[in-house]
Structures are given as C-alpha cells and as structure tokens.
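K.L.:
Got a sequence here, can you model it:
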Amino acid sequence: MITTRHGRSAPAPAWRLRLAEPRDEALLLRWRNDPAARQASHQQDLVDAAVHMQWFARALRDPERQIFIAELDGQPVAMARLEREPGGHQLSWFVDEAARGRGVGRRLLAEVLAATPGAIRAEIKSDNAASRRLAASVGLIAAGECHGICLVVRP
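P.N.:
You can find the predicted model right below:
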C-alpha cells in the first residue's frame with residue numbers, strides 16, 4: 001500500500017518483469033524509434049518496420065540475447081536487453097516517456113543485474129546524464145570515456 005497526497009491508502013502498482021514475446025514487436029519498434037531512444041543510440045536513424053520484424057524474430061530465438069519487459073499494472077513501461085559477449089553481458093535499456101522519473105528504470109536495472117551473474121557493461125553517450133545517473137544508482141561504475149561514449153561496468 002502507498003499513501004496518497006490526500007492521506008488515503010492506495011494499492012501500490014503491480015510490478016512485473018517478463019521476457020519479451022512475439023506480441024511485443026510493435027511496442028519495441030515504437031520504443032526504438034522514440035526520439036529520446038534514437039538520440040541516445042549509436043544508430044539514430046528511424047528503424048524500418050520490416051527490418052525490425054526480422055531483427056526481433058532473430059532476437060527472440062537467440063539464446064545469447066534476452067529482452068525483458070517491465071510492466072506496471074499490466075502496462076509495458078520499460079525494457080532491458082542483455083546480450084552475452086565474451087566475459088559477460090552487454091546491457092541496454094529504455095524507459096517509456098510516461099514512466100520516466102518514477103523509479104521504473106532503477107527497479108528494472110536492479111532486478112536484471114541481480115538475476116545476471118558475471119561482468120556487465122553498457123555504453124552510454126557522454127551527454128546522457130539521466131542514463132549515467134541511473135547506471136550509477138544501480139552500482140555500475142564508470143570505466144572510461146572515448147569519442148563521446150562513457151563505458152559503465154560491473155566487473
């Protein structure tokens with residue numbers, strides 16, 4: 001339960017973290033083409049729906065890749081992607097605009113990190129202060145910066 005600003009009790013939103021499913025394809029394309037996601041990405045062009053469909057089908061079958069969807073009260077609010085690489089995993093994430101500033105990203109990353117053993121790394125654009133703060137808040141450590149990209153790691 002949470003207490004509202006009017007002093008009333010209300011149930012806390014139901015949180016669920018699940019693996020992506022085929023039904024998430026359109027959602028993930030929308031999030032990938034979101035202006036904030038494109039600005040934070042290495043590849044900033046709009047992604048074509050047919051290209052995304054092929055990528056997503058491969059991603060769901062790839063045992064080296066996991067895509068997590070976070071939901072609040074049954075509504076998707078964020079995603080995280082882990083890709084196995086030599087020595088650990090590469091991590092990326094996105095929080096829907098409507099859910100930003102509500103702790104969704106922190107909870108998402110904390111749960112994904114807790115469930116993933118070993119080394120983790122993420123590349124964040126140096127000017128993306130929000131993602132750098134989020135990474136630090138879950139214990140990822142800045143390990144260097146090169147060509148406008150900050151590398152954060154969990155050794």
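
K.L.:
bridging residues for the residue nearest the centre of the chain?
P.N.:
Nearest to the geometric centre of the chain sits Trp93, at 1.9 Å (CA atoms, centre = their mean). Legend: beta-bridge partners of Trp93 under DSSP bridges are Ala80.

K.L.:
For Asn128, which residues are in contact?
P.N.:
Residues near Asn128 by CB atoms under 8 Å, 6 or more residues apart in numbering: Ala40. Backbone N, C-alpha and C define where each C-beta goes, glycine included.

K.L.:
Distance check, the residue nearest to the centre of the chain against Ile120.
P.N.:
To Ile120, Trp93 is 12 Å away according to CB to CB, to the nearest Å.

K.L.:
Show me the contact partners of stretch 62-77.
P.N.:
Here stretch 62-77 makes contact (CB under 8 Å, 6+ apart) with 13-20, 24, 27-28, 59-60, 78-84, 95-96, 98-99, 104, 107-108, 112.

K.L.:
That one: end-to-end distance?
P.N.:
Across its full length, stretch 62-77 reaches 23 Å between end residues, using CA to CA, to the nearest Å.

K.L.:
Kindly report the same for stretch 125-141.
P.N.:
15 Å.

K.L.:
Could you list the buried residues of it?
P.N.:
By 16 or more other CB atoms under 10 Å, the buried positions in stretch 125-141 come out as Asn128, Ser131, Arg132, Leu134, Ala135, Val138, Leu140.

K.L.:
Next step: the residues you listed restricted to helices.
P.N.:
Members of the buried residues of stretch 125-141 lying in helices (criterion: DSSP state H): Ser131, Arg132, Leu134, Ala135.

K.L.:
And those, which two are furthest apart?
P.N.:
Arg132 and Leu134 (7.3 Å; CB to CB).

K.L.:
Might one say that the residue nearest to the centre of the chain is in contact with Ala78?
P.N.:
Yes: using CB atoms under 8 Å, Trp93 is in contact with Ala78, at 6.8 Å.

K.L.:
Which neighbours do these two have in common?
P.N.:
Residues touching both Trp93 and Ala78 (CB under 8 Å, 6+ apart) are Gly105, Leu108.
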